[in-house]
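1. Okay, here's the prediction I keep looking at, along with the sequence it came from:
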Protein chains: 2
Amino acid sequence: MKKLTTRQILQRNRERSSPLGSHFILWLHNIRSLHNVGAAFRCADAFGVKELWLSGYTPVPPRPEITKTAIGAEEHVSWEKIEDEIGAITELKKNGYLVLGLEQTDSSVLIRDFDTKEKPVCLILGNEVTGIDKKILPHLDAAVEIPQFGMKHSLNVSVAAGVALYAFYDLLRDK
Amino acid sequence: MKKLTTRQILQRNRERSSPLGSHFILWLHNIRSLHNVGAAFRCADAFGVKELWLSGYTPVPPRPEITKTAIGAEEHVSWEKIEDEIGAITELKKNGYLVLGLEQTDSSVLIRDFDTKEKPVCLILGNEVTGIDKKILPHLDAAVEIPQFGMKHSLNVSVAAGVALYAFYDLLRDK
């Protein structure tokens, strides 16, 4: 067994097409940590999402701490700073998007059991401690969640972003 | 839509049983970052793995930086410090385990396409930059990988751990 070189890996990645590339926006609202934003950029790059949106007090590039964790991935990901969150959600819905939140609620479903009905998806992740902003919650089409079994009630935000992107990749790959 | 309280989430988690609980060991060898170890503890807790193994220069609890990222999850995860890695792999195989590495190699397969043949799994993750130690590589039963599409060739280690645990959860849930 031989490890692939970075060059071989990048060559292979270029030949692949992500099912999230034309269909999927990841949106971070009110994330505090530069590390989490950097790692989310790296996730967005790895899973080939269409766009990364940042809003509220989520820090945006250029910031050295984001670059450090993202190892420069922020230069390859198409990203946008959103000022009017509710306006943006209305616009997304007009354009046929499902606007989802990653949150454990009384009506949330596991990502793998979610029916995207062939619509493009925008997935919102909220603050590290308090989750999705209560001004955004009522505007979601639905909440989705990652199965958890632990004594702690959550994953780190960047880990949650990675798992959610993988789960949506897996869901859309099957369509 | 109402967010669940921490109490409701923990109550629900307790009623669930993870398919990784009796079957899955996560092993971190030569991981440098305390943050990555802390986040891996949090992942191991969230996905309910049987054990977390740490070896080489991977830092072990108690360390304040691990606790900070793990938000104390390291107190709920059964973990072990491994001194003799090759001896431990031999022992795992004797006990019927498949010993896998998370690595992009010339023969690696996507986790979701991997056939665990109903065997318990030990998944090894290697160093942040250089991946799995070359002294361990020849002893693996197989290498598995996470699908990637990016301009950067990898995910952050703790994100990779979370995605891999989720992917194995999903694989074993279907059995």
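-> Great, that's in hand. Note that the structure is a prediction, hence the values are computed from the model and not measured.

2. okay, CA-based contacts and neighbour counts for the rest of this
-> Noted.

3. Going along the chain, name the strands of chain A.
-> Using DSSP state E, the strands of chain A run over A:24-29, A:51-55, A:79-82, A:98-102, A:109-110, A:121-125, A:142-145.

4. I'd like to know how many residues surround A:Pro64.
-> 12 (other Cα atoms under 10 Å in any protein chain shown).

5. hang on, the earlier thing: let me know which of the strands of chain A is tucked in deepest.
-> Ranked by mean neighbour count, the strands of chain A are led by strand A:24-29 with a mean of 25 (mean count of other Cα atoms under 10 Å in any protein chain shown).

6. contacts for that one?
-> By Cα atoms under 8 Å, 6 or more residues apart in numbering or on different chains, the list of residues contacting strand A:24-29 from outside reads A:44, A:49-58, A:120-127, A:132-133.

7. mind listing what's buried in the longest helix along chain A?
-> If you go by DSSP state H, chain A has its longest helix at helix A:157-173. Buried residues in helix A:157-173, counted by 16 or more other Cα atoms under 10 Å in any protein chain shown: A:157-172.

8. tell me the contacts of A:Asn36?
-> A:Val157, A:Ser158.

9. From the contact counts, what lies against the helix or strand bottoming out on mean pLDDT in chain A?
-> Within chain A, confidence by mean pLDDT, DSSP states H and E is lowest for helix A:6-15 among all helices and strands, at a mean of 91. Judged by 3 or more Cα pairs under 8 Å, 6 or more residues apart in numbering or on different chains; DSSP states H and E, helix A:6-15 is in contact with no other helix or strand.

10. Show the contacting residues for A:Arg16.
-> So A:Arg16 contacts B:Phe149 (Cα under 8 Å, 6+ apart).

11. what's the spacing between it and B:Thr130?
-> Counting by Cα to Cα, to the nearest Å, the gap from A:Arg16 to B:Thr130 is 24 Å.

12. Tell me where the model's unsure across chain A.
-> A:175 (pLDDT under 70).

13. Show me the beta-bridge partners of the most centrally placed residue in chain A.
-> Compute the mean C-alpha point of chain A, and by Cα atoms, centre = their mean the closest residue is A:Leu26, 3.4 Å away. Going by DSSP bridges, A:Leu26 is paired in beta bridges with A:Leu52, A:Leu123.
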